[in-house]
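Asks: A structural model of the following input is requested.
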Amino acid sequence: MPSERLAIAQVTPFALEAANEVNEYVTRVSEQLAQRGHRVLVIGPSESSGLVRDSRRTLRSTPERLLEQAQGAPLVLGVGEVLPFSPTQRRASSLPVDVARTIEDALTTLPLDVVHVHEPFAPSASSVALRHSRALNVGSFHAPTERTLSTQLARPLTRLLFGRLDARIASYEATRDLMQRFFPADYRVVLPAADVPLARGDGLEILMIAREERAALRAFLRALRLLPPDVDWHATVWSSRPLAAPATLGRAVRERVRFVDAREMTQAEAEAGASLIVLASEGIRATPGVLLRALAAGIVPVASRLPPYEELLAEGRYGLVFEPGDVQTLARQLERLLSDATVRAELRSAGSSLREALRWPRVADELEDVYGSLVARRHDGRSNARVRRRLASRPLIDVDLHMHTDHSHDCATPVEVLLSEARARGLGAIAVTDHNEIAGAREARAKANGIKVIVGEEVKTAEQGEVIGLFIEEKIPRGLTLQDTIAEIKRQGGLVYVPHPFDRMHSVPDYEHLLDVVDEVDAIEVFNPRIAITEFNEEAVRFAAKYRIPAGAGSDAHVPQGLGSVRIRMRDFDGPEEFLESLRDADIVRNPASLLYVQALKFLQTKAMPEAARRASRDRRVRRVTRKS
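Replies: Predicted coordinates for the structure are as follows:
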């Protein structure tokens, strides 16, 4: 459980007024979390124009007061109307622009600790929230069906979108296994709750909730035809929409089965009178939420042997099972339960221990554990007050934390030229970070005159991209794992600085690998002018902000003309401890040179120019710098 009270947004992709398991989950956990002192917002599309209008007005006028209103009870924000794709799927075919803009306004304005998105498949309110969130992101995946996943496989951006998740939750083991097949990652299983009253049914009333595919209903009715005529039973088929009895249903069965819908009674009322429930899904639309409610109500289930059902029934401990589509076995299991009150009593008694776990406070406990583990990874509390006081009187200097010399394979800038250009551009300190080499940085430090040089190295790891070590003295070999490279930087007393962390054009650690080492990262480069797509820099800004990691910046100059195109204005420092403390309060000053211009110069100096001409040009630049000195 987190020691502090958090600001949490729970985001549903469904209209807030829609009755479904996801919305029930969001509502109940939000109530539990609010009762524990957290400030909770529930965000989702709405069919109420009044709620949408009021929510947008509040976001425009007093967004800073929203979280105050969310104390004690969840505050609901309707972000616009989303039309369902179909009555059964209840997903949007597209997301209106005004909905996306309202979500963006909310998540970029409000100081949230956690954004918890549910079923964040695109296009939806949840996927938009994940795209714009600047908080720690938790994603819950509920339904263990492939139908929703199949629509995402043609969208490789979904993988990148899910990459923004800091923690992933699956409602069932079957959901976890399915998600790992399509989107491999670690998923923590948090079983939903079903806090419903015990059923009053003590007779032989069989219930089927017709939320499954038509084949399940046909299998159920065929099994009823096979029951011996001397066995006493009655059955109810409940549906949220009107559902008529099939014309082929024989008279003997028709007289014992009633078909009802939500106009006549609620699902809870149908469950209250049942003693048995049948779930005959063949896997197309398995509804484990119905089984959870049955177990919580003390109704004995007979379910097809599918992963979500078999998982909840614990291999028949809490109910009877049959193979999907096996009508004969379904009929025999029903006959066994209808004929033997002892078996019914034993199964109902066995479920009593499970019922204690099927309560919403337990779900809230587990979610708080997830949130708390993420919050604990933020770099809060690492500031050193003693060092901060010492730095307060120091002058401000401009620093460039990322550059290369001709000791890098892709750079032709001599050390002398680099130092001269740094002084000319008013830099007080530079970090020389050649690729897999520190000789250039050490040479620069030895020749520096009036400028501070941080010895660094941009190390290529085995498979997880590049990482920079600052304040190191020994060359770190390329090809180590990310963890081993970081360990070597730390062994030398250096600082771990992650360059261009989300630039897909560079070799970078993916989000999951970065999460693995976030505790060891000292600083993150949030602006690099050589990154062609600005969204990559923005993603780095979000990552640094959510984990409260000091933000750095550097020109990544491979030619002198790019030096200092972005710089950090910070207090003068001495050594890594003072540097890191000074970086916490630094300002990033952007004066980017043309990316096309500096890239063209780099190409001319390192690729197009013949080797002899390049050496001659280098010698001329060194002589020119020497004469000026």
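Asks: in the protein, which residue is closest to the centre?
Replies: Leu165 (1.6 Å; Cα atoms, centre = their mean).
Asks: that one reaches Leu130, doesn't it?
Replies: Yes - look at Leu165 against Leu130 with Cβ atoms under 8 Å: they come within range, at 7.2 Å. C-betas here are computed from N, CA, C, even on glycine.
Asks: any common contacting residues for the two?
Replies: Shared contacts of Leu165 and Leu130, defined by Cβ atoms under 8 Å, 6 or more residues apart in numbering, comprise Pro120, Asn137, Gly139.
Asks: could I get those residues as JSON lines with neighbour count?
Replies: Output for the shared contacts of Leu165 and Leu130, formatted as JSON lines (neighbours: other Cβ atoms under 10 Å):
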{"residue": "Pro120", "neighbour count": "26"}
{"residue": "Asn137", "neighbour count": "23"}
{"residue": "Gly139", "neighbour count": "27"}
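Asks: out of everything not next to it in sequence, what's closest to Ser304?
Replies: Using Cβ to Cβ, 6 or more residues apart in numbering and skipping residues adjacent in sequence, the residue nearest Ser304 is Pro324, 4.2 Å away.
Asks: shouldn't the one you found be in contact with Arg305?
Replies: Yes - with contact defined as Cβ under 8 Å, Pro324 counts as touching Arg305 (6.7 Å).
Asks: so, low pLDDT: which residues of the stretch 251-400 of the chain?
Replies: Low-confidence segments of the stretch 251-400 of the chain (pLDDT under 70): 284-285.
Asks: same thing but at 90, please
Replies: For the stretch 251-400 of the chain, applying pLDDT under 90 flags the ranges 251-252, 262, 267-268, 272-273, 281-287, 306-317, 345, 348-357, 380-383.
Asks: same for the helix or strand hosting Glu512, what does it pack against?
Replies: Assessed by DSSP states H and E, Glu512 sits inside helix 511-516. Judged by 3 or more Cβ pairs under 8 Å, 6 or more residues apart in numbering; DSSP states H and E, the packing partners of helix 511-516 are helix 482-491.
Asks: what residues sit buried inside the helix it packs on?
Replies: For helix 482-491, a neighbour-count test (16 or more other Cβ atoms under 10 Å) marks Leu482, Thr485, Ile486, Glu488, Ile489 as buried.
Asks: give me the contact list for it.
Replies: 459, 461-462, 464-465, 467, 469, 472, 476, 480, 495-496, 509, 513, 516-517, 520-521.
Asks: and if we set it to 10 Å?
Replies: 456-457, 459-472, 474-481, 494-498, 509, 513-514, 516-517, 520-522 (Cβ atoms under 10 Å, 6 or more residues apart in numbering).
Asks: quick check: mean pLDDT across that helix?
Replies: Averaging pLDDT along helix 482-491 gives 96.
Asks: which ones are touching Lys475?
Replies: Here Lys475 is in contact with Asp434, Asn436, Glu437, Ile438, Ala439, Ala441, Arg442, Glu457, Val459, Gly469, Glu488 (Cβ under 10 Å, 6+ apart).
Asks: any of the residues you listed buried? List them.
Replies: Here, 16+ other Cβ under 10 Å leaves Asp434, Asn436, Glu437, Ile438, Ala441, Arg442, Glu457, Val459, Gly469, Glu488 buried among the contacts of Lys475.
Asks: closest to Phe183 out of the shared contacts of Leu165 and Leu130?
Replies: Distance to Phe183, by Cβ to Cβ, is smallest for Gly139 among these, at 9.9 Å.
Asks: wait, the closest one sits on Thr158?
Replies: No - the criterion here is Cβ atoms under 10 Å, and Gly139 misses it with Thr158 at 11.6 Å.
Asks: shared neighbours of those two, anything?
Replies: Pro120, Ser127, Phe183.
Asks: can I get those residues in TSV with secondary structure, pLDDT and distance to Ala385?
Replies: As requested, the shared contacts of Gly139 and Thr158 are exported to TSV (DSSP: H, G, I helix; E, B strand; the rest coil; pLDDT from 0 to 100; distance: Cβ to Cβ, whole Å):
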residue	secondary structure	pLDDT	distance to Ala385
Pro120	coil	92	40
Ser127	helix	92	42
Phe183	coil	89	43
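Asks: from those, which is closest to Asp365?
Replies: Pro120 (23.3 Å).
Asks: and Glu525, helix, strand or coil?
Replies: Using DSSP: H, G, I helix; E, B strand; the rest coil, the structure places Glu525 in strand.
Asks: excluding sequence neighbours, find me the nearest residue to it.
Replies: Pro499 (4.6 Å).
Asks: and for the one you found, the neighbour number?
Replies: Residues within reach of Pro499, counting by other Cβ atoms under 10 Å, total 24.
Asks: now for it: which residues touch it?
Replies: 401-402, 433, 456, 458, 465-468, 506, 508, 523-525, 528, 540, 552, 554, 556 are the contacts of Pro499 under Cβ under 10 Å, 6+ apart.
Asks: pull out the buried residues from the residues you listed.
Replies: In these, the ones that pass as buried (16+ other Cβ under 10 Å) are 401-402, 433, 456, 458, 465-468, 506, 508, 523-525, 528, 540, 552, 554, 556.
Asks: of those, which belong to strands?
Replies: Leu401, His402, Thr433, Gly456, Glu458, Glu466, Val467, Ile468, Ala523, Ile524, Glu525, Gly552 (DSSP state E).
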